[in-house]
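**Student:** Could you work out the structure for the sequence below:
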Amino acid sequence: MQLNKNGYEPTRWAVALMALTLLLGGCGSGQGQPDMPNQVPEVATVTIQPQQVELTTELPGRTSPYLVAEIRPQVNGIIKKRLFKEGSDVKAGQLLYQIDPAPFQVALDSARASLGKAQANLPSIRLKTERYRELLVDKAVSRQDYDDAAAAMEQARAEIEYWKAQVEAARINLGYTKVTAPISGRIGRSSVTDGALVTAYQPTTLATIQQLDPIYVDVTQSSAELLRLKRHLETGRLSANSKNGRKVCILLEDGNLCPQQGTLQFRDVTVDQATGSFTLRIVVPNPKHLLLPGMFVRAAVQEGIAEQAILVPQQGVNRTPKGEPFALIVDEAGKAQLRMLTLNRAIGDQWLVSSGLKTGERLIVEGLMKVRPGAAVKAIPWESAKTGAPAPNTKLPPAESH
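**Tutor:** Numbering: from 1, shown residues only. Predicted coordinates for the structure are as follows:
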């Protein structure tokens, strides 16, 4: 399809011009009233100036604990005492449950006694073996008698090692009667009470400890979006921010900003075949436990820095009946001219324009209803009444692409 000398498609130009004509047609004088004398309409304009903008993307996600420990017994027994308060913070090594230690103490004492018995038998067997060795030289004893004595000594030594292992096993089992916290964190409700029977490595947990400071935020991003960002970085449309590129702002469920910034820890290397997305894991300091596991949040992840971004007030952009965005500018001759736009996204109360406007052009933001393309206008500077307009080098809230 051929384009005119300004590079715009004639059909799109005609449609936009017709839409603007119809839009302005109803604003003329009423029937039977004479037209006002021809006057040059006054419009407010802003001059297009590129600026540096930090672009971010909001991604949905959920929180998960930094560490999780499921407490299970390692020996069979009866719970004598629960030694923590449900929902409280516990320290690593803190005693949580006491299992009845009596049978395990008996087993340890029995193993120690057997070890002592085995150690007591060893000296006499060793002396007997040594005497047989001396008598064997004079052939006072048979070789078989000596071999039997030597084998008995090795058996006594092996029996000692066996009972040493039994003592250690009994000691370990006795220690397992004290169920302690493997990590520091907040402990949940207890599934057992005093007097309950528990078994070693049972499937039901006694309690669960979760470390909440820091806390993980797992968000998902589409693989197509990742490819787009990489392409923009490679072509220079975006530049990476090595200083703050890993910093992430967290938006809570009520829309408020989390006071603590997170840090992007890693991007998953596998794309989910069902959703076409992958996971980003963010670590967020959580000293006041504002974030709890399972909460829905949004993370503002930085895409990069647009060095020459064009931001225009949203009120200066209109759309054709087909939804195509366009704007009016004032050219050097003082006449209004139509520009078809390509919008990237909304940033606050402004549009980020990908194409259609050039540096130095004057965009009409007020008085659009009084002008038509090609008509002479009087341009005056526009002063925004809003003081919260985005400024260069300022972190901006993300929005969906258009």
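**Student:** how close does residue 139 get to residue 128?
**Tutor:** 18 Å (Cβ to Cβ, to the nearest Å). C-beta here means a position set from N, CA and C on the backbone, and glycine is covered the same way.
**Student:** no wait, residue 165
**Tutor:** 26 Å.
**Student:** So between residue 139 and residue 128, which is more surrounded?
**Tutor:** residue 128 (17 against 8; other Cβ atoms under 10 Å).
**Student:** Let me know the secondary structure of the nearest residue to that one once chain neighbours are set aside.
**Tutor:** Nearest residue to residue 128, sequence neighbours excluded (Cβ to Cβ, 6 or more residues apart in numbering): residue 149, at 5.3 Å. Using DSSP: H, G, I helix; E, B strand; the rest coil, the secondary structure recorded for residue 149 is helix.
**Student:** So what's the gap between the helix or strand encompassing residue 121 and the chain middle?
**Tutor:** Residue 121 is located in helix 102-137, with elements delineated by DSSP states H and E. Mean-position distance between helix 102-137 and its chain equals 61 Å (Cα atoms, centre = their mean, to the nearest Å).
**Student:** buried residues in it?
**Tutor:** For helix 102-137, a neighbour-count test (16 or more other Cβ atoms under 10 Å) marks 103-104, 107-108, 111-112, 114-115, 118, 125, 128-129, 132, 136 as buried.
**Student:** Among these, find the lowest-pLDDT one for me.
**Tutor:** Among those, residue 136 carries the lowest pLDDT, at 83.
**Student:** Contacts only, for it.
**Tutor:** 143, 146 (Cβ atoms under 8 Å, 6 or more residues apart in numbering).
**Student:** Can you name the next helix or strand after the longest strand seen in the chain?
**Tutor:** Scanning the chain for the longest strand, with DSSP state E as the assignment, gives strand 51-71. Counting by DSSP H and E, the element after strand 51-71 in chain order, helix or strand, is strand 77-82.
**Student:** from the chain's centre, how far out does stretch 265-278 sit?
**Tutor:** 13 Å.
**Student:** which residues does residue 186 bridge with?
**Tutor:** residue 89, residue 210 (DSSP bridges).
**Student:** Can you give me the neighbour number for it?
**Tutor:** A count of nearby residues for residue 186, using other Cβ under 10 Å, gives 18.
**Student:** before we move on, back to that, just the buried residues of the longest strand of the chain, please?
**Tutor:** Within strand 51-71, the residues that qualify as buried are 53-59, 61, 63-66, 69, 71, counting by 16+ other Cβ under 10 Å.
**Student:** Save these as JSON lines, and put in distance to residue 155 and pLDDT too.
**Tutor:** Supplementary listing: those in JSON lines, determined by distance: Cβ to Cβ, whole Å; pLDDT from 0 to 100:
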{"residue": "53", "distance to residue 155": "83", "pLDDT": "80"}
{"residue": "54", "distance to residue 155": "78", "pLDDT": "77"}
{"residue": "55", "distance to residue 155": "79", "pLDDT": "77"}
{"residue": "56", "distance to residue 155": "75", "pLDDT": "77"}
{"residue": "57", "distance to residue 155": "74", "pLDDT": "79"}
{"residue": "58", "distance to residue 155": "74", "pLDDT": "82"}
{"residue": "59", "distance to residue 155": "69", "pLDDT": "85"}
{"residue": "61", "distance to residue 155": "65", "pLDDT": "90"}
{"residue": "63", "distance to residue 155": "61", "pLDDT": "94"}
{"residue": "64", "distance to residue 155": "56", "pLDDT": "93"}
{"residue": "65", "distance to residue 155": "53", "pLDDT": "94"}
{"residue": "66", "distance to residue 155": "53", "pLDDT": "94"}
{"residue": "69", "distance to residue 155": "44", "pLDDT": "95"}
{"residue": "71", "distance to residue 155": "43", "pLDDT": "96"}
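**Student:** nearest to residue 372, of these?
**Tutor:** residue 53 (32.5 Å; Cβ to Cβ).
**Student:** Surely that closest one and residue 351 touch.
**Tutor:** No. Judged on Cβ atoms under 8 Å, residue 53 makes no contact with residue 351 at a distance of 12.0 Å.
**Student:** Now do the shared contacts for those two.
**Tutor:** residue 311.
**Student:** Just the C-alpha atoms of the helix or strand containing residue 265, please, in CSV.
**Tutor:** Taking DSSP H and E as the definition, residue 265 sits inside strand 262-267. C-alpha atoms of strand 262-267 as CSV (Å, rounded to 0.1, in the frame of the first residue of the first chain):
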residue,chain,number,x,y,z
GLY,A,262,12.7,-6.6,47.4
THR,A,263,15.6,-7.9,45.5
LEU,A,264,15.3,-10.1,42.4
GLN,A,265,17.1,-13.3,43.3
PHE,A,266,16.7,-15.4,40.1
ARG,A,267,14.6,-16.2,37.0
